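Visitor: Next comes the sequence, and after it the predicted model I'd like to discuss.
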Amino acid sequence: MSKERIQISEALYDIMPSDYQDLVKSATYGKEDRGWKDIGTSKELIEQHSLCAGCPESMAFRYILASLPNPEDTVMVGSTGCTSLVFPMVAVHNIHSLFGNQNAIASGLKRALSVRFPDRVKDVVVLAGDGATVDIGLDMTLQAWFRQEKFTTICFDNELYANTGGQESGLMQKGFVAKMAPVGKLFDKVRLPEIARESGCHYVVNCTVSKPSLVEKVIRNAVHIAREIGPTYLQLYTPCILEIGKNSMEGLQEMRDSEKPAERFAYKEYISEPAKQLLTELAAKDKERKAAAKQLAAQAQAN
Amino acid sequence: MAEIKSVIGTQNKKGQTYTDAWKLLNEAPRTPSFFTGSEVIKEAIRRASCDVMIAYPITPQSEAAALIGELFAEGYVGDYFRGESEFAVMSQCAGAAFGGARVFTTTAGPGTMRAMENFPMWAGARLPIQMIVTCRGINSPLSIQPDTLEIAYLLNTGMLVWHAETAQDFFDWILKGYMVSEEPDVHLPLALCCDGFFVTHTKDVVNLTPADMCLPPYDPYRSPVPCMDMECPPVRMMRDPFVMKSNYISYATHASWQQEIWAAVERSRKHSIHWLNGLIDTENTDADIMIVSSGTAVSQGREAIRMLEDEGVRCGLVKVKTLRPWPEEEIREATKNAKHIFVPEFNVTGWLAKEIRATIPNPHRVHAGPHVCGGMTMPPEIIVSEIKTALGMKTLSLAGRGS
Ligand SMILES: Cc1ncc(C[n+]2csc(CCOP(=O)(O)OP(=O)(O)O)c2C)c(N)n1
Ligand code: SF4
């Protein structure tokens, strides 16, 4: 989408919903340097949500949407779960269809967009819960990676099925007593980040969403690498405060506690060799671009 | 808005000329060719300007799916790959259709059932995907022979469902199917069914349109719902998600959307009549006895009519071409003179007879059967025998034949 497409005819401006006017006036579509710092100063691609108050998924959504490098040409794919309550309020095209088939949907979507727009960049980003990604949808998650489909998969790991009321999931910790795990979960948390690496992902990160700048960095890397090289995977801890019995203000601390060095969500990153090379090239280009902009600004001031 | 130019008369990258669909199907020269049903599917897709085809093997459609892979290698299809299961394939088809592609896939029996959750989703999302179902047994014990039980399940998904009798039907209906299902007031998926093996694996003379002419491409911007490609401004769809909201608006929205899907099925009626030259074909509708049938049972019914004629029994025929939209009026009209209506079916439950009973006045006229199931063939003799028995005529016991 070019930014011009969202311009409103002057004659119709005043009858457009204010929400839409705001999007056109001050959303961050088309801005090269968009990021989490835009939150609160420009129109966000997600504002309201109907998640529980204080749910870390809502924070994660905001950071991710603020960090997409190319929202005007990004299509997101979701799945059934708490996230599907948010997608209707997201201002990029997004698809919800069934539960667990998000990576299959994204495979077809990305290929269709590549056939239809061979000379343009159209990013596809999948965002789904751990039940959708690692349990019911695991074969489709893995097979998309085996096939080297060029999109990013993000798993909101809240270590249980939140939307159906807190049942055991494959990413739940061993021993945790949950609905449908009446004597505690009997097997270990599935090691999907490692499996992702072995399955052909070129960039894999396991972390929490406690630091917006970190989320911004990993999202940008993941989308750029997926665009150029192949599949990327982010597993983000977004604790379900409701089901683990925390208050709405305690989500952040829960994440901080679980990202300590010996904990489950200590920052882990894997980058394949071609992906490393790409990131180096992108960093160099970015530096050049910023230096040129600075020079231009200095010249303008001098004139 | 940029000016939209017609592509008719221009060439695609394979050198095929985009041709007005009506002209292609009704006026272009036809060449008789001797092909299996699977090869005919390939030839139809060669002319269908398909963007994406996704495949998974299951007998008896595997060959057709593989042949379309050859078309992709030759450059006739935009993209092609094997998915990991039918559930995944139908989801991949959905993704491609959401992204604005003309999509084709094929499946059969158990594959159809495994993928089933996708079909009402396709219809609900208004994705005009075309799926060939080459029917086969779905129950245990395992059977790979034709049986049409999966059609019964498809009837309530909101998809258009057509049932081809011959390879010629197949060729024409694949191309016509896109024309109907992509109409903006329809925009629904199409399950184009046939009785596997009988149609896919037998050779027949099929009149093909020229290979250097093809359908105009799909225009995703004629869709009644936005194409998911970020080429039109995205809006927040709603302030509150509908799911989980136990309020009247939520219920009313879901209810009205479901009704809209079925209204779209109804709206496909006029387009289907236009392209298929009616939803049914008939013979001898003034006869007291009618055979009403779909798929290859129609061919067997025709043969039974010829045999009955030899014995002085006059019998008529209704070939039901579209199961959705359901030709309610047409069947009523065609059977209004009939005292006895026989519905031969390749399945044990008799779903077609049930539909007909629910459609016509005096439904006791309907004799549900004969049925063959588990992949058995339907000799015309058993249709003759069923009819003669019902009429109180003497009939040879089939079981005793040859003893
Ligand atoms: C085929 C199917 N099975 C089960 C469900 C019920 N279901 C809805 S959401 C959900 C759990 C979602 O869990 P997860 O993916 O972890 O996301 P979360 O809600 O935790 O964010 C389940 C089991 C469904 N919608 N479809
Ligand atoms: S149930 Fe849990 S994951 Fe879902 S919105 Fe509430 S806190 Fe968040």
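Guide: Okay, I see it. Ligands and ions are numbered 1, 2, ... in the order given.
Visitor: Next one: B:Ala97 from chain A, what distance?
Guide: 7 Å (C-beta to the nearest C-beta, to the nearest Å). Every C-beta, even on glycine, is put in place using the N, C-alpha and C of the backbone.
Visitor: Count the neighbours of that residue for me.
Guide: Neighbour count of B:Ala97, defined by other C-beta atoms under 10 Å in any protein chain shown: 30.
Visitor: which residues sit in contact with it?
Guide: By C-beta atoms under 8 Å, 6 or more residues apart in numbering or on different chains, the contact list for B:Ala97 reads A:Gly108, A:Ala112, B:Val103, B:Trp122, B:Ala125, B:Leu127, B:Pro128, B:Ile129.
Visitor: Just the element for it, please.
Guide: Using DSSP states H and E, B:Ala97 sits in helix B:86-98.
Visitor: could you point out which element follows that helix?
Guide: Assigned by DSSP H and E, the successor of helix B:86-98 is strand B:103-107.
Visitor: Export the helix or strand following that next one to CSV, keeping only CA atoms.
Guide: Downstream of strand B:103-107, the next assigned helix or strand under DSSP H and E is helix B:109-114. What follows is helix B:109-114, C-alpha atoms only, in CSV (Å, rounded to 0.1, in the frame of the first residue of the first chain):
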residue,chain,number,x,y,z
GLY,B,109,-13.1,-39.1,0.7
PRO,B,110,-11.0,-39.2,3.9
GLY,B,111,-9.1,-36.1,2.8
THR,B,112,-12.3,-34.2,2.5
MET,B,113,-13.3,-35.2,6.0
ARG,B,114,-9.9,-34.3,7.5
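Visitor: Tell me the helices and strands packed up against helix B:109-114.
Guide: For helix B:109-114, the packing partners by 3 or more C-beta pairs under 8 Å, 6 or more residues apart in numbering or on different chains; DSSP states H and E come out as helix B:86-98, helix B:149-154.
Visitor: hmm, try it at 6 Å
Guide: For helix B:109-114, the packing partners by 3 or more C-beta pairs under 6 Å, 6 or more residues apart in numbering or on different chains; DSSP states H and E come out as helix B:86-98.
Visitor: Endpoint to endpoint, stretch B:190-201 covers what distance?
Guide: 22 Å (C-alpha to C-alpha, to the nearest Å).
Visitor: How far does it sit from its chain's centre?
Guide: Relative to its chain's centre, stretch B:190-201 lies at 9 Å (C-alpha atoms, centre = their mean, to the nearest Å).
Visitor: swap in stretch B:22-41?
Guide: That offset, for stretch B:22-41, works out to 17 Å (C-alpha atoms, centre = their mean).
Visitor: For the closest residue to ligand 1 within the stretch 101-250 of chain A, which non-adjacent residue is closest in space?
Guide: At 2.1 Å from ligand 1, A:Gly129 is the closest residue in the stretch 101-250 of chain A, using C-beta to the nearest ligand atom. Leaving aside its chain neighbours, A:Gly129 sits nearest to A:Gly81 (3.8 Å; criterion: C-beta to C-beta, 6 or more residues apart in numbering or on different chains).
Visitor: Please apply the same query to A:Tyr203.
Guide: Sequence neighbours aside, A:Thr232 is the residue nearest to A:Tyr203 in space, at 4.0 Å (criterion: C-beta to C-beta, 6+ apart).
Visitor: what's the spacing between the one you found and ligand 2?
Guide: For A:Thr232, the distance to ligand 2 (C-beta to the nearest ligand atom, to the nearest Å) stands at 23 Å.
Visitor: Bridged to that residue, which residues?
Guide: For A:Thr232, the beta-bridge partners under DSSP bridges are A:Thr152, A:Tyr203.
Visitor: Quick one: residues contacting it.
Guide: A:Thr152, A:Cys201, A:His202, A:Tyr203, A:Ala222, A:Ile225, A:Ala226 (C-beta atoms under 6 Å, 6 or more residues apart in numbering or on different chains).
Visitor: Swap in 10 Å and give it another go.
Guide: A:125, A:145, A:150-154, A:196, A:201-205, A:218-219, A:221-226, A:270-272, A:275 (C-beta atoms under 10 Å, 6 or more residues apart in numbering or on different chains).
Visitor: and stretch B:88-96, is it in reach of ligand 1?
Guide: No - using C-beta under 6 Å from any ligand atom, stretch B:88-96 never reaches ligand 1; the gap is at least 11.9 Å.
Visitor: from the middle of its chain, how far away would that stretch be?
Guide: Mean-position distance between stretch B:88-96 and its chain equals 19 Å (C-alpha atoms, centre = their mean).
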